[in-house]
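# Here you go, sequence then predicted model.
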Amino acid sequence: TSTGGRYHPSSLGGAWNPTSTSGAPSARHEHTAVWTGTEMIVWGGQGFSSGSIWLYTGYRYNPSTDTWTSTTTSGAPSGRSVHTAVWAGTQMIVWGGWSGSASYFNTGGRYNPSTNTWTPTATTGAPSRRYGHTAVWTGTQMIVWGGWNGSSALNTGGLYTP
């Protein structure tokens, strides 16, 4: 289902409140989410339908207004799941992932919420195609490590400087 909740730990014993479902993303799994400091951005994943659908859609959730806004799909990376995303101060960086069969990626994109635009990540020097890897933001670079290439676990990675 396309539902969610907000947790308030400061409430006595903690409390959950449902998020609005108006304009919410379609049901999905193996997607990513990042926190910008004011809103959550959800992107990609695998959709639930009669067949497998890999999504290239995203949504921004503002908890102070309890509203959802869709992100542009123009210039977005191709649909994928089991990818990574990091918040890089002013943009979300999405990289890697899988879209069924032997479709593994070493591509991605940078999403700027202030302009609602996507820019592709460079592929020169990128790590090999993979999914299920991890990624962290150092303050200046995205570090990608590990994952799966369809036949073996990987002990390699790379650095991406936007």
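Here it is on my side, so go on. Numbers count the residues shown, from 1 in each chain.
# in the protein, which ranges drop under the pLDDT threshold?
1-2, 11-12, 50-51 (pLDDT under 70).
# Show the contacting residues for the most centrally placed residue in it.
In the chain, the C-alpha nearest the mean C-alpha coordinate belongs to residue 32, at 3.2 Å (C-alpha atoms, centre = their mean). Residues in contact with residue 32 (C-beta atoms under 8 Å, 6 or more residues apart in numbering) are 42, 43, 44, 45, 83, 84, 85, 94. The way it works is simple: take the backbone N, C-alpha and C, and place the C-beta from them, glycine included.
# Repeat that for residue 121.
Residue 121 makes contact with 93, 95, 107, 108, 109, 110, 160, 162 under the criterion C-beta under 8 Å, 6+ apart.
# same thing but at 7 Å, please
When contacts are counted by C-beta atoms under 7 Å, 6 or more residues apart in numbering, residue 121 touches 93, 95, 107, 108, 109, 110, 160.
# ok, and the closest non-adjacent residue to the second one?
Spelled out, that is residue 95. residue 108 (3.4 Å; C-beta to C-beta, 6 or more residues apart in numbering).
# quick one, phi psi at the one you found?
Taking degrees, to the nearest 10, you get phi -170, psi -160 for the backbone angles of residue 108.
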